[in-house]
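In: need the 3D shape of this:
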Amino acid sequence: MASATSLLLSVFTLFSLIFLASSSEENTPLTITLPLTSKFTSKPSTDPIVFLQELASASMARSHHLKYGKPSPLVKTPLYPRDYGGHTIPLSFGTPPQKLSYLVDTGSHVVWAPCTTQYKCINCSFSAKEVPFFKPQLSTSLKTLGCKNPRCTTECPSCKGSSKNCSQACPYTIQYGTGAEGGYYLLEDLHFPEKTIHNFLMGCTTIGLRETSTDAMGGFGRSMFSLPVQMGVKKFAYCLKSHYFDNTRNSSRLIFDYRDGDTKGLSYTPFLKNPPEWPIYYYLGVKDLMLGNKILPIPSKYLAPTSDGSGGLMIDSGFAYGYMAGPVFKIVTNELIKQMAKYRRSREAETKSGFTPCYNFTGHKTLKIPDLIYHFAGGATMVVPGNRYFLFIPEIGFGCFPVTTDAAKTLEFTPGPSIILGNYMQVNHYIEFDLKNERLGFRQQTC
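Out: Coordinates of the predicted model:
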């Protein structure tokens, strides 16, 4: 997800600007671990086909945001799956601490929470009354970020010119594809059991548009405003558990790591230099893609970002199924259809859900779906088994390829990443974002 702030810096510069938030020096841990929980849509339909429609709609909104949205030592935490396809962690801001669930989103870069009982959400999938919110009036450590503060990078309409007496709070507007959030910035204390981050810059959201989740937002993107950068960690990592889009209580872990160096057993691939239009995303270099034993003939212009911001692969924790640009999607699905010719296509499921291809697996005791294999720069290889990129609806014996695309609208070379690697394909992989060394590490494991 991209923000309205336009002055974004490279990751190397970000680490020289860690003054943004200060931490307590006593008993500084090497790592912080939090529980990580997953989520998808509120009150998903009990009709399997309608449920597929809801998934397709949510995926298209996410891909639209990521491609077209413009800017306007170790700590561990539980990571919880959610029924809208994302994953959340609990964070405690304020004095005394107020705990809320924050969506872990590597495709955005601001940490914010609804902060008023008057919060309004226009054309949202939930009632504003259902939204948990941060209560600024109850915190003794809260400070409002003023427009004249150097950390305010947005334009304040009433503070133009050389006025030194402007008392307006620093505002923000964040676009999320077809949705948006708006509010103003605060400086607050962020508490962990063995560490406190002082003067953490967080957003106080007062209005939303076309949102699908009541959770607050935890931006993990490549920006000085993101959660890991403000914490001053060298890397963060997670291992996502498989789930069937329910708000399960079974959590995995998200780790904030203050240590440098290699992690045992990981394969590494470097982060690429970001196109100017998309400065906060984590781009990876892709040598080729394989489906089973077949190398897919995908033109190189789709596998690495160009100077105009087109092409390349980004990894995203906030997107369930991911995205492929029209030409890439066509090459992948054509080969998939060939290799799965023995199974019966379900045109009805394709028409109703918006996904393609879909199959009726009724009567098959075992399924053979080819692996989807990514060969990254640096020699790292990620193998995604068929059950990790194919969506199954066991109640009716159906399954679909749920990756979204713009192929129905155009086969032109569209702006933004050509491939988005969603969290569904990352399940049962230990994924490490090494910010200090600008690289992604991963290994297969049971989470």
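
In: only C-alpha atoms from now on, for both contacts and neighbour counts.
Out: OK.

In: and the residue lying closest to S307 once chain neighbours are set aside, what is it in contact with?
Out: Excluding the flanking residues, the one nearest S307 by C-alpha to C-alpha, 6 or more residues apart in numbering is P275, at 6.2 Å. With contacts defined as C-alpha atoms under 8 Å, 6 or more residues apart in numbering, P275 is in contact with 305-309.

In: so Q426 sits against S242, correct?
Out: No: between Q426 and S242 there is no contact under C-alpha atoms under 8 Å: 9.5 Å.

In: shared neighbours of these two, anything?
Out: Joint contacts of Q426 and S242 (C-alpha under 8 Å, 6+ apart) do not exist.

In: who has more neighbours, these two?
Out: Q426 (27 against 16; other C-alpha atoms under 10 Å).

In: the more buried one and G219: what is the separation?
Out: 18 Å (C-alpha to C-alpha, to the nearest Å).

In: what strand or helix carries the closest residue to I393 other than its chain neighbours?
Out: Nearest non-adjacent residue to I393, counting by C-alpha to C-alpha, 6+ apart: G399, 5.8 Å away. If you go by DSSP states H and E, G399 is part of strand 398-400.

In: contacts for the next helix or strand after that strand?
Out: Later in the chain than strand 398-400, the nearest helix or strand by DSSP H and E is strand 419-421. For strand 419-421, the external contacting residues (C-alpha under 8 Å, 6+ apart) are 302-303, 311-316, 319, 321-325.

In: same check on stretch 133-150?
Out: 94-98, 100, 113-117, 151-152, 155-156, 159, 164, 166-171, 184-189.

In: of these, just the buried ones, PyMOL syntax please.
Out: Listed next is the PyMOL selection for buried residues among the contacts of stretch 133-150, using 16 or more other C-alpha atoms under 10 Å:
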select buried, resi 94+95+97+98+100+113+114+115+116+152+156+159+168+169+170+171+184+185+186+187+188+189
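
In: do you know how far the residue nearest to I393 is from I369?
Out: For G399 relative to I369 (C-alpha to C-alpha), the value is 11 Å.

In: compare these two (neighbour count), which wins?
Out: Taking neighbours as other C-alpha under 10 Å, G399 and I369 compare with G399 leading, 24 against 16.

In: correct me if wrong: that one contacts C358.
Out: Yes: look at G399 against C358 with C-alpha under 8 Å: they come within range, at 5.6 Å.

In: could you point out which residue ranges in the stretch 151-300 of the chain have low pLDDT?
Out: Applying pLDDT under 70 to the stretch 151-300 of the chain flags residues 160-165, 177-178, 243-250.

In: ok, 90 please
Out: The stretch 151-300 of the chain contains residues with pLDDT under 90 at 153-168, 174-180, 193-194, 209-214, 240-252, 274-279.

In: tell me where it has helices.
Out: 227-231 (DSSP state H, counting those that start in this stretch).

In: can you give me the strands in the stretch 251-400 of the chain?
Out: Using DSSP state E, counting those that start in this stretch, the strands of the stretch 251-400 of the chain run over 252-257, 267-270, 283-284, 286-291, 294-295, 313-315, 323-324, 344-345, 358-360, 372-376, 381-384, 391-393, 398-400.

In: CSV for those strands, including distance to V104?
Out: As requested, the strands of the stretch 251-400 of the chain are exported to CSV (distance: least, C-alpha to C-alpha, whole Å):
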stretch, distance to V104
strand 252-257, 9
strand 267-270, 21
strand 283-284, 17
strand 286-291, 24
strand 294-295, 33
strand 313-315, 13
strand 323-324, 19
strand 344-345, 35
strand 358-360, 30
strand 372-376, 23
strand 381-384, 22
strand 391-393, 22
strand 398-400, 26
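
In: which one of those strands lies nearest to Q444?
Out: strand 381-384 (8.3 Å; C-alpha to C-alpha).

In: then Q137 would be within a helix, right?
Out: Yes: the assignment for Q137, made by DSSP: H, G, I helix; E, B strand; the rest coil, places it in a helix.

In: ok, it to C147 distance?
Out: 21 Å.

In: quick one: V104 from N387, how far?
Out: 23 Å.

In: which of those two has more neighbours?
Out: Neighbour totals were compared for V104 and N387, and V104 leads with 28 against 16 (other C-alpha under 10 Å).

In: tell me the secondary structure at that one.
Out: strand.

In: tally of neighbours for the nearest residue to N274 once chain neighbours are set aside?
Out: Closest residue to N274 apart from its sequence neighbours, by C-alpha to C-alpha, 6+ apart: Y283 at 6.7 Å. Around Y283 there are 27 other residues, counting by other C-alpha under 10 Å.
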